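K.L.:
have a look at this fold, sequence not included:
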Ligand code: 5AD
Ligand code: SF4
């Protein structure tokens, strides 16, 4: 069973929140408003969810929030290490913050998440960006109040660093400030045991640990009591949920338990590893009426040689067989996937196998990435077969093929009436609302703001490659 952070430790962190709150109260007395925090998130939904926790702790400590780092007293960047470009963006932002801090030396800068869980990055930040006050890794998230308090009261320029690996003990009951009230991410497990040869995640997020089902259910019941209706269950590989628990449970059983919670209307989940997608889970998806008929199943590549070099533990044929089963049991399923183009050993012939998978599966959409070399992973030692130019050409070809499929799939929706959960008002037009269908497709339509958070019936009128237009059915 996964270790848990002790209740006393969580209480200790609470006491730091109160100490910061006192500092904030004194600041408010002098300035007429509390201190402001600015947060930015890079990477996946797990990171989005972690940032919601950071914002929850900041809110309890009395902070207001602002969108511009120029106005902030505390800036926290929650970073991603999966690809190099995400890291470059953070370094770019740190350069900008250096200038801001020159004119406002009291400003505190914190960097957390996967990127700083790598020692060479932390060393680089300490050396080159010594204006960063706080560096804490994925395992130290719950300690943020203590680290922030120490940064607020310190009287030297040394950065406070906590990137220890706590063996990934699970911390329950950290405050949270969610981005939406109608829909929420709920982590069911943390970490990953798969060690795909290109991927840094197992090194920065640690081994798989499942949360107790009673904690997950309690969190969802609490969300529902506060008006939330759509739950997205999160984990690097939700299909291995429960393997480390004493409880006789797996992800299929958990889905059924969530499906039984009164007030939940929609259940989504991600991500699933194809090797662990069981018949039991496909059955649960088909039978649970609240589970959205949508599946994200990363294939990564189509060539069996590349899949083997990636340590994915399935073949193209295994994958297509699973997809066939899913389509048979859930006829109107919407499918998506992740693809990596330009894995070191991938040839042009190998790449054509990926194109073949796209054409055979006909995904609704794909998330495609050019391979990025990650220090410390086995694939980092491999030489590239293709040139950068050839890889970019293949990447563009992939998008071309998929755009045509996505548009065709979206065209099938025109004329249909679909239930839509309204996410919010469009940034570009205040009369336009944006929401999601059961399949997770985005639809834009005219409507008033009071519909945000509600379900409405929308007739689809027009299809684009990435989204749909529609009109509310009276
Ligand atoms: N380079 C490019 N893409 C990667 N991913 C993971 N590691 C890398 C890497 N080194 C992609 C995979 C994964 C998604 C979250 O990110 O497709 O499914
Ligand atoms: Fe990375 Fe593979 Fe784990 Fe996904 S399953 S997080 S790609 S190691």
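P.N.:
That came in fine, so what should we check first? Quantities reported herein were computed from a predicted structural model and do not represent experimental measurements. Ligands and ions are numbered 1, 2, ... in the order given.
K.L.:
look up how far residue 15 lies from whichever residue of the stretch 351-474 of the chain sits closest to ligand 2.
P.N.:
Residue of the stretch 351-474 of the chain nearest ligand 2, by Cβ to the nearest ligand atom: residue 377 (8.9 Å). Using the backbone N, CA and C atoms, a C-beta is placed for each residue, glycine as well. According to Cβ to Cβ, to the nearest Å, residue 377 stands 40 Å off from residue 15.
K.L.:
again, but for residue 9
P.N.:
With Cβ to Cβ as the criterion, residue 9 and residue 15 are 11 Å apart.
K.L.:
same check, this time on residue 325
P.N.:
52 Å.
K.L.:
excluding chain neighbours, what is closest to residue 403?
P.N.:
Among residues not flanking residue 403 along the chain, residue 465 sits closest, at 5.1 Å (Cβ to Cβ, 6 or more residues apart in numbering).
K.L.:
how about the residues of the stretch 251-400 of the chain near ligand 1?
P.N.:
Near ligand 1, the residues belonging to the stretch 251-400 of the chain are 298, 300, 338, 340, 369, 371-372, 374 when assessed by Cβ under 6 Å from any ligand atom.
K.L.:
if we use 5 Å, what do you get?
P.N.:
Counting by Cβ under 5 Å from any ligand atom, the stretch 251-400 of the chain comes close to ligand 1 at 298, 338, 340, 369, 371-372, 374.
K.L.:
and those residues as CSV, adding secondary structure?
P.N.:
CSV is the format used below for these (DSSP: H, G, I helix; E, B strand; the rest coil):
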residue, secondary structure
298, coil
338, strand
340, strand
369, strand
371, coil
372, coil
374, coil
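K.L.:
who has more neighbours out of residue 377 and residue 15?
P.N.:
In terms of neighbours (other Cβ atoms under 10 Å), residue 377 is the more surrounded of residue 377 and residue 15; the figures are 18 against 11.
K.L.:
if we can go back for a sec, the residue nearest to residue 403 belongs to a helix?
P.N.:
No - counting by three-state DSSP, residue 465 is located in no helix; its state is coil.
K.L.:
pretty sure it sits against residue 407.
P.N.:
Yes - in this structure, residue 465 is within contact of residue 407 by Cβ atoms under 8 Å, at 4.7 Å.
K.L.:
quick one, domains of this protein?
P.N.:
Per automatic domain parsing, the structural domains of the chain span 7-162, 183-411, 417-472.
K.L.:
if I look at the closest residue to residue 361 other than its chain neighbours, what pLDDT would I see?
P.N.:
Using Cβ to Cβ, 6+ apart and skipping residues adjacent in sequence, the residue nearest residue 361 is residue 323, 5.3 Å away. The per-residue pLDDT reported for residue 323 equals 98.
K.L.:
please name the residues that touch residue 323.
P.N.:
With contact taken as Cβ atoms under 8 Å, 6 or more residues apart in numbering, residue 323 is in contact with 297, 335, 360-361.
K.L.:
give the buried residues for the helix or strand harbouring it.
P.N.:
Following DSSP states H and E, the helix or strand that holds residue 323 is helix 316-329. Of all the residues in helix 316-329, those buried under the rule 16 or more other Cβ atoms under 10 Å are 316, 318-320, 322-323, 326.
K.L.:
next: stretch 233-249.
P.N.:
233-242, 245, 249.
K.L.:
contacting residues around it?
P.N.:
1-2, 45-46, 49, 185-194, 201, 205, 208-210, 212-213, 216, 250-251, 253-255, 258, 267-273, 276-278, 281.
K.L.:
what about ligand 2: which of these touch it?
P.N.:
Within those, those near ligand 2 by Cβ under 5 Å from any ligand atom are 192, 194, 201.
K.L.:
SS state for the second one?
P.N.:
Secondary structure, three-state DSSP: residue 194 is coil.
K.L.:
show me what contacts it?
P.N.:
By Cβ under 8 Å, 6+ apart, residue 194 lies in contact with 202, 236-237, 273, 311, 313.
K.L.:
ok, so of those residues, who is nearest residue 394?
P.N.:
Distance to residue 394, by Cβ to Cβ, is smallest for residue 311 among the contacts of residue 194, at 21.5 Å.
K.L.:
near ligand 2, which residues of this protein?
P.N.:
Proximity of the chain to ligand 2, by Cβ under 5 Å from any ligand atom, involves residues 192, 194, 196, 199, 201, 236.
K.L.:
so the fifth one makes contact with residue 113?
P.N.:
No - using Cβ under 8 Å, residue 201 is not in contact with residue 113; the gap is 11.8 Å.
K.L.:
common neighbours of those two, please.
P.N.:
Counting by Cβ under 8 Å, 6+ apart, the residues touching both residue 201 and residue 113 are residue 81.
K.L.:
more neighbours, the two?
P.N.:
Between residue 201 and residue 113, counted using other Cβ under 10 Å, the more crowded position is residue 113 (27 against 23).
K.L.:
related to what we said a few turns ago, measure the residue nearest to residue 403 to ligand 1 for me?
P.N.:
To ligand 1, residue 465 is 20 Å away according to Cβ to the nearest ligand atom, to the nearest Å.
K.L.:
who's in contact with that residue?
P.N.:
403, 406-407, 410.
K.L.:
go again using 10 Å as the cut-off
P.N.:
Taking Cβ atoms under 10 Å, 6 or more residues apart in numbering, we find residue 465 in contact with 365, 399, 402-410.
K.L.:
so which of those residues are in helices?
P.N.:
399, 402-410 (DSSP state H).
K.L.:
now the buried members of those.
P.N.:
399, 402, 405-406, 409-410.
K.L.:
now pLDDT and distance to residue 454 too, for those, in CSV please.
P.N.:
As requested, those are exported to CSV (pLDDT from 0 to 100; distance: Cβ to Cβ, whole Å):
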residue, pLDDT, distance to residue 454
399, 98, 35
402, 98, 32
405, 98, 32
406, 97, 28
409, 97, 26
410, 97, 24
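K.L.:
with distance to residue 386 added, can I get those in CSV?
P.N.:
Formatted as CSV, those follow (distance: Cβ to Cβ, whole Å):
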residue, distance to residue 386
399, 17
402, 20
405, 24
406, 25
409, 30
410, 32
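K.L.:
residue closest to the middle of this structure?
P.N.:
residue 45 (1.3 Å; Cα atoms, centre = their mean).
K.L.:
would you confirm that that residue contacts residue 183?
P.N.:
No - counting by Cβ atoms under 10 Å, residue 45 sits too far from residue 183 to count as a contact (11.5 Å).
K.L.:
what do these two both touch?
P.N.:
With Cβ under 10 Å, 6+ apart as the test, residue 45 and residue 183 both reach residue 232.
K.L.:
residue 292: which of the contacts of residue 465 is nearest?
P.N.:
Using Cβ to Cβ, the contacts of residue 465 come closest to residue 292 at residue 365, 14.5 Å.
K.L.:
ok, now which ones touch the closest one?
P.N.:
296, 334-337, 402-403, 405-406, 409-410, 439-441, 465-466.
K.L.:
tell me the one among those residues nearest to residue 472.
P.N.:
Distance to residue 472, by Cβ to Cβ, is smallest for residue 441 among these, at 16.5 Å.
K.L.:
what pLDDT does the model give that closest one?
P.N.:
97.
K.L.:
excluding chain neighbours, what is closest to it?
P.N.:
Using Cβ to Cβ, 6+ apart, the nearest residue to residue 441 is residue 468, at 5.9 Å.
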